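Colleague: Pasting a predicted model and its sequence here:
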Amino acid sequence: MKPLIVLSFLFFLSGCAQTQYNWGSYEKNLYNHYCNPAEKAEYLEGLKEIIEDAESSNAKIPPGIFAEYGYTLLESGKTMDSILFFKKESELWPESKFLMKKMILIAEKSNKSVKTAPVKPELK
Amino acid sequence: MKIIKVCATVICATLLFGCVQHTPKDLTKFRGQDPHSILVVPVVNKSVEVTAADYFLSTISMPLGEKGYYVFPVNLVKRVLEDEGLSDATLVHNASTKRLCDLFGSDSVLYVTIERWDSQYLVLTTTVTVEFSYVIKSGKTDETLWSDKRTMVYQPSNSGGGHPIAMLIVAAVNAAVTKAAPNYMPLAKQANMQVFAYPGPGIPAGPYSDKYKKDLPENP
């Protein structure tokens, strides 16, 4: 009887409590971002923390985190930095290669338009 | 001593019941297609709570990633779809799965619909209910590989130590707290955890899991 109880508890713990990746505050962070979409700095910082935590402990970054970080950088106008993280996602997760290639193209395009944008008003 | 044993067994059984549910499901198509990646598209929201769709999105990547699948970045996907003129989730759900997968390079798509996301206020207590339907479709053939539905109900426990006035106070406090900020997120997380559990109603482990191809029904 006793081993059965212990086994059931162990099974419960192993089945529900273990995680493969360290997601940090990913869920709460994205939730907060959707509560207040204009606030990007905090969301960006949260993603950065997950990446830094994983890198410092040599753990694998959860799927999509590099890409989300890259995209938020892109939205904040940091196009060159965003490309770096799209590349990281692509290298870590071959499944993302196709999409990341597209995202890098989008980032490169917006980088050009950002560079030429201030020139236009001066020409007028 | 005997009572303790019985109690422990009952507790174990209820705990296990939460994780493992024995609803045998035909996963031949799912295993046959062997998707490595899942694209979670924006959620169709049939509740009156407009923010529910976005809030739900924040709970879906973790359970699928932990199952060993590559989950596409949900916020990036949402924004890219908006840029493509597909900000209406119903429109996305009605589009061809194959076309969506071609757009993102995914093997499969998970469609989630929020059927319910509401609180019912009774005199001194509040019941919070969420209900979701889940469908995974193939990016190769457009066919449904897996589907399920979950309903979660939360009612604050009204324990006031048995004293009638104490119980009333606890109930009133519970209702007030829930009314101000209904506790949907733990329910959504719980629903996701249960629905993908395997063996059970869920999907087998993906390629990044140690259990990949080892959790066949004959050797679970």
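Modeller: All right, it came through fine.

Colleague: what about the residue in chain A that chain B sits nearest to, helix or strand, and which?
Modeller: Proximity of chain A to chain B (CB to the nearest CB) peaks at A:F98, 2.8 Å away. Bear in mind the C-beta positions are built from the backbone N, C-alpha and C, glycine included. Element membership of A:F98 [criterion: DSSP states H and E] is helix A:97-116.

Colleague: Run through the neighbouring helices and strands of that helix.
Modeller: Contact analysis of helix A:97-116 by 3 or more CB pairs under 8 Å, 6 or more residues apart in numbering or on different chains; DSSP states H and E lists helix A:65-75, helix A:79-92 as its packing neighbours.

Colleague: Now for residue 104: which residues touch it?
Modeller: I'll assume chain A. Contact analysis of A:I104 by CB atoms under 8 Å, 6 or more residues apart in numbering or on different chains lists A:I83, A:F86, A:K87.

Colleague: um, chain B though
Modeller: Contacts of B:F104 (CB under 8 Å, 6+ apart): A:F98, A:L99, B:L39, B:F72, B:V77, B:V80.

Colleague: Provide the strand pairings for the one helix or strand the third one maps to, with the direction of each partner.
Modeller: With the criterion set as DSSP H and E, the secondary-structure element containing B:L39 is strand B:37-40. Strand B:37-40 has the following strand partners under DSSP bridges: strand B:70-71 (parallel), strand B:108-121 (parallel).

Colleague: Worst mean pLDDT among those?
Modeller: Of all those, the segment with the smallest mean pLDDT is strand B:108-121, scoring a mean of 95.

Colleague: Now do the next helix or strand after it: distance to the chain's middle.
Modeller: Downstream of strand B:108-121, the next assigned helix or strand under DSSP H and E is strand B:126-138. Relative to its parent chain, strand B:126-138 has a centroid offset of 6 Å by CA atoms, centre = their mean, to the nearest Å.

Colleague: Name the residues of strand B:126-138 that come out as buried.
Modeller: Residues of strand B:126-138 classed as buried by neighbour count (16 or more other CB atoms under 10 Å in any protein chain shown): B:T126, B:V128, B:T129, B:V130, B:E131, B:F132, B:S133, B:Y134, B:V135, B:I136, B:K137, B:S138.

Colleague: In this structure A:A67 contacts B:L76, no?
Modeller: Yes - with contact defined as CB atoms under 8 Å, A:A67 reaches B:L76; the gap is 5.5 Å.

Colleague: which residues are in contact with both of these two?
Modeller: A:M103.

Colleague: for the contacts of B:F104, which one is nearest A:W23?
Modeller: Of all the contacts of B:F104, A:W23 sits closest to B:F72, with 15.7 Å by CB to CB.

Colleague: Would you agree the closest one is in contact with A:L99?
Modeller: Yes - B:F72 is within contact range of A:L99, at 6.9 Å (criterion: CB under 8 Å).

Colleague: residues bridging contact with these two, i.e. touching both?
Modeller: The contact sets of B:F72 and A:L99 overlap at A:A67, B:F104 (CB under 8 Å, 6+ apart).

Colleague: Just want the angle from the helix holding A:F98 to helix A:79-92.
Modeller: 170 degrees (axes from the mean of the first three to the mean of the last three CA atoms, to 10 degrees).

Colleague: what angle separates helix A:97-116 from helix A:65-75?
Modeller: Per the same axes, to 10 degrees, the angle that helix A:97-116 makes with helix A:65-75 is 20 degrees.

Colleague: buried sites along helix A:97-116?
Modeller: A:F98, A:L99, A:M100, A:M103, A:I104, A:I106, A:A107, A:S110, A:N111.

Colleague: Stretch B:42-51 too?
Modeller: For stretch B:42-51, burial by neighbour count (16+ other CB under 10 Å) applies to B:P42, B:V43, B:V44, B:N45, B:S47, B:E49.

Colleague: Turn the contacts of A:I104 into CSV, columns for neighbour count.
Modeller: Below are the contacts of A:I104 laid out as CSV (neighbours: other CB atoms under 10 Å in any protein chain shown):
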residue, neighbour count
A:I83, 21
A:F86, 28
A:K87, 16
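
Colleague: would a markdown table of those residues with distance to B:L27 be doable?
Modeller: Formatted as a markdown table, these follow (distance: CB to CB, whole Å):
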| residue | distance to B:L27 |
| --- | --- |
| A:I83 | 39 |
| A:F86 | 34 |
| A:K87 | 35 |
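
Colleague: tell me, which of those make contact with chain B?
Modeller: Checked against chain B using CB under 8 Å from any CB of the partner chain, the contacts of A:I104 give no members in range.

Colleague: ok, of those, which one's closest to B:W146?
Modeller: Taking CB to CB as the measure, B:W146 lies nearest A:F86 of the contacts of A:I104, at 30.1 Å.

Colleague: for that closest one, what are its contacts?
Modeller: A:F86 makes contacts with A:F66, A:A67, A:G70, A:M100, A:M103, A:I104, A:A107, as judged by CB under 8 Å, 6+ apart.
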